[in-house]
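Asks: Take a look and give me a structure for this.
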Amino acid sequence: MKLYPDSKVYIFCPGNVHTGGPESLHQLASQLISFGVQAYMVYGQLGDNPFNLKDPVHDNYKKYHVPYTFDLEDSARNVRILPETLTTELYTGKNLRRVVWWMSVNNYLKNIKNLFENFLKSPFFRPIPKFFTFFNEGANVEHWFKSEYARQFLEFNGLSANELHPVESYVSQTFLSRAAHVDLSAKKNIVAFNPKKGFEITRHLIELAPDIEWRPIYGMTSEQVQELLASAKIYIDLGTHPGKDRLPREATLSGCVVITGRQGAAANDVDYNIPAEFKFDERTTPPPQVIEKIREVFENFSEAHAAQKSFREKELNARKNFAAQVADAFEINWSPLPGVAFPQTVSGKIFLLAKKFSASKKFSGGFIVDDVVARANISDKFILREQNRNFFNFGIGFAEVITRDDAKFLYQEGRIKKFALLEPTDDELAALKNFYEANAADIIIDEP
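Replies: Take a look at the predicted model:
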């Protein structure tokens with residue numbers, strides 16, 4: 001599906017929800033923007049804000065700095081992208097091209113089941129809204145798959161190879177940056193697990209081995225999750241694996257040995273390319289056999305960790321592969337202009353520097369880094385406040401004002417490619433390099 005320089009891409013997403021799927025959707029929007037594409041999030045149902053929220057962007061995704069809209073331009077040059085749980089929105093609008101991004105096969109099937117049950121129970125029963133059925137009205141829809149499990153499902157339902165594109169997501173670069181400093185020698189005999197995934201089986205294991213330290217991942221911040229995974233030797237997930245779940249991938253990047261069942265995406269050796277000895281069929285494997293494997297990993301952690309090297313390397317390369325897959329899916333063959341950030345805060349000289357860089361047409365929209373202005377609820381002739389974001393008016397354009405933390409995140413993600421400074425002091429340069437871990441080649445020093 002080819003994008004054009006004036007194409008707009010609308011990415012549908014649940015509003016104010018924090019799970020793996022919405023994060024992938026925001027990653028996609030951010031990647032498209034870095035390619036120079038006009039990309040927008042569309043939260044909730046088409047045409048309004050059903051959540052009645054002043055801000056539908058979850059706090060965890062504000063750092064991506066992606067615009068949203070509820071008004072779609074119904075043009076054949078534009079594209080709507082929907083996760084498999086929002087396929088009822090496929091048929092609103094006549095001209096927009098359509099993409100379904102399959103992140104969770106199981107969630108799609110559950111959604112369809114709930115739709116039927118809700119309409120059948122309703123005293124005001126009427127024909128169910130259209131939803132994707134793989135044939136007839138499903139024609140002219142392109143499909144992306146996030147996992148081999150989803151690809152097999154789509155192929156089984158009659159879709160041909162030329163209708164399918166792999167677009168896998170990746171673990172946040174912030175997480176990856178911190179995980180790179182994990183000390184394997186400091187890991188403890190801890191088994192981390194997600195109580196929302198296969199807990200009935202895991203609970204039985206806990207009862208069988210109460211001497212083992214079992215640590216649930218629940219009610220934690222992302223930093224706390226990372227701290228736990230950095231200290232644990234094992235992450236176990238005996239759930240349904242409706243797609244390539246985030247936690248097993250974060251676990252392997254944190255140096256954990258990952259143990260899974262054989263359901264869903266864990267059943268194949270592409271999505272979770274770990275040796276068979278670390279996968280157990282929950283329906284037939286005696287629980288004591290799983291406990292025995294856990295104790296074996298505790299005793300021979302280095303060998304078990306080395307055996308999962310391929311899984312870790314695949315996730316280490318996921319960010320680069322994601323960008324290539326998105327570019328291929330949309331036939332993007334142009335070179336994007338690098339994003340630039342001005343880290344010397346809002347001032348007269350930054351006004352001039354931003355104006356100069358914008359006029360050069362060598363860089364895409366810039367960011368001004370200023371914690372105070374970024375967080376302020378103000379609007380005047382210099383600051384435009386829109387969608388709870390502040391934009392600095394420098395005469396011939398606007399530059400968004402963001403915090404240092406968000407600038408670091410966008411640099412790690414690749415949205416910001418360069419830092420531009422005007423006559424920086426030695427202290428300013430040192431602070432920039434230390435905080436952002438910026439390469440010298442990414443720093444532009446401009447003279448008046």
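Asks: In the stretch 251-400 of the chain, mark out all the strands, start to finish.
Replies: 257-260, 339-342, 364-369, 383-386, 389-393, 398-402 (DSSP state E, counting those that start in this stretch).
Asks: So which other helices or strands are in contact with the fourth one?
Replies: In terms of contacts (3 or more CB pairs under 8 Å, 6 or more residues apart in numbering; DSSP states H and E), strand 383-386 is packed against strand 389-393. To be clear about C-beta, it is placed using only N, CA and C from the backbone, and glycine gets the same treatment.
Asks: And the last one, by the same measure?
Replies: If you count contacts as 3+ CB pairs under 8 Å, 6+ apart, strand 398-402 packs onto strand 364-369, helix 371-375, strand 389-393.
Asks: contacts for stretch 357-375?
Replies: By CB atoms under 8 Å, 6 or more residues apart in numbering, the surrounding residues in contact with stretch 357-375 are 34, 36, 65, 336-346, 350, 354, 383, 390, 392, 394, 396-404, 406-407, 410, 416, 418, 420.
Asks: Report the buried residues of that stretch.
Replies: 357-358, 363-370, 373-374 (16 or more other CB atoms under 10 Å).
Asks: on that earlier part again, how about the helices and strands packed on strand 398-402, which one is nearest Pro22?
Replies: Across the helices and strands packed on strand 398-402, the minimum distance to Pro22, taken as CB to CB, is reached by strand 389-393, at 18.4 Å.
Asks: can you redo the helices and strands packed on strand 398-402 as JSON lines with mean pLDDT and distance to Lys314?
Replies: As requested, those are arranged in JSON lines below (pLDDT from 0 to 100; distance: least, CB to CB, whole Å):
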{"stretch": "strand 364-369", "mean pLDDT": "89", "distance to Lys314": "30"}
{"stretch": "helix 371-375", "mean pLDDT": "95", "distance to Lys314": "36"}
{"stretch": "strand 389-393", "mean pLDDT": "94", "distance to Lys314": "35"}
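Asks: Quick one, which of these gets closest to Val171.
Replies: Comparing these under CB to CB, the one sitting nearest is strand 364-369, at 23.4 Å.
Asks: Convert that closest one to CSV, retaining C-alpha atoms only.
Replies: What follows is strand 364-369, C-alpha atoms only, in CSV (Å, rounded to 0.1, in the frame of the first residue of the first chain):
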residue,chain,number,x,y,z
SER,A,364,12.0,18.2,10.2
GLY,A,365,9.9,19.9,12.9
GLY,A,366,12.1,20.8,15.9
PHE,A,367,11.7,20.4,19.6
ILE,A,368,12.7,23.0,22.2
VAL,A,369,13.7,21.5,25.5
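Asks: and after the helix-or-strand element of the chain with minimal mean pLDDT, which helix or strand comes next?
Replies: Of all helical and strand segments in the chain, the minimum by mean pLDDT, DSSP states H and E falls on helix 105-121, at a mean of 72. Later in the chain than helix 105-121, the nearest helix or strand by DSSP states H and E is strand 141-145.
Asks: got a list of contacts for that following strand?
Replies: Residues from elsewhere that reach strand 141-145 (CB under 8 Å, 6+ apart): 1, 90, 97-102, 132, 151, 154, 159, 163-167, 329.
Asks: can you do 10 Å?
Replies: 1, 28, 79, 81-84, 87, 90-91, 97-103, 105, 132, 134, 150-155, 157, 159, 162-168, 243, 325-326, 329-330 (CB atoms under 10 Å, 6 or more residues apart in numbering).
Asks: Report the mean confidence score over it.
Replies: The average pLDDT for strand 141-145 rounds to 94.
Asks: Please name the strands paired to that strand in the sheet, noting orientation.
Replies: In the sheet, strand 141-145 lines up against strand 97-102 (parallel), strand 164-166 (parallel) (DSSP bridges).
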